[in-house]
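Trainee: I'll drop the sequence and a predicted model, then ask my questions.
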Amino acid sequence: MAVSLSINIIKLSKQNALVKKMIASETIGCINVICSDKTGTLTENKMTVRAFYDTAVHEDISEPASPALLHNICLNTMAELGEDGGFLGNPSECAMLAFYNSAQARNFGGRTYSQERSAHKILSAFPFSSELKHMTTICELDGKPVVYVKGSPECVLAMCTLDGDKQRNVEEQMRRFEARAMRVIAFAHKDLPRLENYEAETAHRALESGLTFDGFVAISDPLRGEVYDAVRSCREAGVALKILTGDNIVTAAAIANELHLLDGGACAVEAAEIAEMSDVELSKRLPKISVIARSTPATKMRVVNLLKAQGNTVAMTGDGINDAPALTLGLEPNYADLMKRKPTSRNESIITKPMLLRIAVTGLYMSAVFLGQYVFNFLGVPEPQMSTALFTLFVLFQLFNSFNCRELHRESIFTHLLKNKLMLSVVGCTFVLQVLIIQFAGAFFGTVPLDLALWLKLFAVASSVVIFSELIKWIGRMVW
């Protein structure tokens, strides 16, 4: 078992999956719930600004944008673009810098974002956090301090002074892009009368209130091409997928609908909604919840712990764990139909009842044939060769039965018969060794050579255990 698990760890490492504990390579075959982040996991993490709003919607991003919006993009960020245009930092922020740099006609005096940043002093910054959902930077603009805020639409709009009609129009435009599975990031600013210490909670709240709304950008991040097949495979295998994302519920639901995760009565909720539920209430609702929007690390931990408490084996995937789960079965390669099998419960015995039945029936068959040869000699073996023939029959039975053991379910072994090269090599070498022992090492092992005709008879009788096992599985497929 330890050797098998160790080999599987090596296999996983070749798929860029680092396994720290040996037990993990076994546990992964028991997974029945996957909690996945969206950005960079289900999506390509290739952020691109597709539209922006300042005083109106612009789906042609080459059109001029307001100075306030562009200042916010350039100065209120911690990201950089590499010399080759590569993203260095948060992908969303990098996408906005690329949007700024893409059309020099919109830039201040033709300056790039880095030149614009160098021309203005950063006085203070409060980085983005998944709990606060926004980032705040205080800059010096024309000798005066200005605060810039960017973040989730609901968070930023709550800080702004917008009349009812204007806010409803802005929110309608935002929802239009969110329904197209785009991430919307809003911007606002305010001139400050003076610079002071805004670390204190009261001063910080005052800093982020009464802002002027500058607009928003809509960022696309397409789903990975392989995700559709991976999600379908998980569904066929009985593995539930839940998206726990920081995006808002409209964007998250749009992605989930594209992947058919909201079919069959499944629903999408926001983290704030489940935060008000007790653990008992949330546990009852979790089976029907496929999407949790505006998730924080604390939300994800709570959901995973409740799922585990229900007896589920849960995988948590995020950026860097982007491939569909690879399930392993001993030394057997992963086959295309592997994900059609249901997960194995961690509490389930290694030897299941159907497996135990097959072992018993197959064992009885081999014993009956072996005893039949010993008592009735239906192969017509000469007396001096009887013990050697029985020994060889026993060994050949084990070799052929090893093929039966490769497929522990109802599927035929012939589907993947030639795909496990290592196993075929081991069986072949063992058979050659058996021939050498019988034919040439009788003095050491107390055996006598067998003629070719008897070898063929023994080979045919031993191979019948495969036919017998296939017949049992065929009856099982017909009945169940």
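Mentor: Everything's here; your move.
Trainee: which stretches of the stretch 301-450 of the chain form strands?
Mentor: Assigned by DSSP state E, counting those that start in this stretch, the strands in the stretch 301-450 of the chain fall at 314-317.
Trainee: doesn't Thr43 make contact with Pro91?
Mentor: No - between Pro91 and Thr43 there is no contact under CB atoms under 8 Å: 9.8 Å. C-beta here means a position set from N, CA and C on the backbone, and glycine is covered the same way.
Trainee: all helices in the stretch 201-350 of the chain, in order from the N-terminus.
Mentor: 201-207, 227-236, 249-258, 271-275, 279-285, 297-309 (DSSP state H, counting those that start in this stretch).
Trainee: which other residues reach the longest one?
Mentor: It refers to helix 297-309. 33, 35, 130, 242, 244, 271, 274-275, 279, 282-283, 286, 292, 314, 316 (CB atoms under 8 Å, 6 or more residues apart in numbering).
Trainee: Ok, the shortest one next?
Mentor: Surrounding helix 271-275, the residues in contact under the criterion CB under 8 Å, 6+ apart are Leu282, Arg285, Ile289, Ile292, Ala293, Arg294, Ser295, Thr296, Thr299, Val303.
Trainee: Now the host helix or strand of Cys74: buried residues?
Mentor: Assigned by DSSP states H and E, Cys74 belongs to helix 67-75. Within helix 67-75, the residues scored as buried using 16 or more other CB atoms under 10 Å are Ala68, Leu69, Leu70, His71, Asn72, Ile73, Cys74, Leu75.
Trainee: what two of the contacts of helix 297-309 are the furthest from one another?
Mentor: For the contacts of helix 297-309, the farthest-apart pair by CB to CB is Ser130 and Ser283; their separation is 23.7 Å.
Trainee: Among the contacts of helix 271-275, show me the least confident.
Mentor: Lowest pLDDT within the contacts of helix 271-275 is found at Thr296 (84).
Trainee: can you list residues touching both of Pro91 and Thr43?
Mentor: Common neighbours of Pro91 and Thr43 (CB under 8 Å, 6+ apart) are Asp221.
Trainee: With respect to burial, which of the helices of the stretch 201-350 of the chain scores highest?
Mentor: helix 249-258 (a mean of 22; mean count of other CB atoms under 10 Å).
Trainee: Tell me how confident the model is about it, as a mean pLDDT.
Mentor: 90.
Trainee: what comes into contact with it?
Mentor: By CB under 8 Å, 6+ apart, the list of residues contacting helix 249-258 reads 38, 42-43, 175, 178-184, 223, 243, 245, 247, 262, 268-270, 290-291, 293-294.
Trainee: 7 Å instead, please
Mentor: With contact meaning CB atoms under 7 Å, 6 or more residues apart in numbering, helix 249-258 is reached by 38, 42, 175, 178-183, 223, 243, 245, 262, 268, 270, 290-291, 293.
Trainee: got the angle for it vs helix 227-236?
Mentor: Counting by axes from the mean of the first three to the mean of the last three CA atoms, to 10 degrees, helix 249-258 lies at 70 degrees to helix 227-236.
Trainee: can I get the helices of the stretch 201-350 of the chain in CSV with distance to Lys121?
Mentor: As requested, the helices of the stretch 201-350 of the chain are exported to CSV (distance: least, CB to CB, whole Å):
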stretch, distance to Lys121
helix 201-207, 17
helix 227-236, 44
helix 249-258, 35
helix 271-275, 37
helix 279-285, 47
helix 297-309, 33
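Trainee: quick one: low-confidence ranges for the stretch 151-300 of the chain?
Mentor: 199 (pLDDT under 70).
Trainee: so how far is stretch 114-122 off the chain centroid?
Mentor: 40 Å (CA atoms, centre = their mean, to the nearest Å).
Trainee: Can you point out the buried residues in that stretch?
Mentor: Buried-residue list, stretch 114-122, by 16+ other CB under 10 Å: Glu116, Arg117.
Trainee: Next: stretch 369-376.
Mentor: Val369, Phe370, Gln373.
Trainee: Helices of the stretch 351-480 of the chain, residue ranges please.
Mentor: Under DSSP H, counting those that start in this stretch, the stretch 351-480 of the chain gives helices at 353-376, 386-406, 421-440, 442-445, 452-479.
Trainee: What lies in contact with the fourth one?
Mentor: Think helix 442-445. Ile437, Val448, Pro449.
Trainee: which of those count as buried?
Mentor: Among the contacts of helix 442-445, those classed as buried by 16+ other CB under 10 Å are Ile437.
Trainee: could the contacts of helix 442-445 go into TSV alongside distance to Gly238 and pLDDT?
Mentor: Shown next, in TSV, are the contacts of helix 442-445 (distance: CB to CB, whole Å; pLDDT from 0 to 100):
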residue	distance to Gly238	pLDDT
Ile437	47	90
Val448	54	92
Pro449	54	92
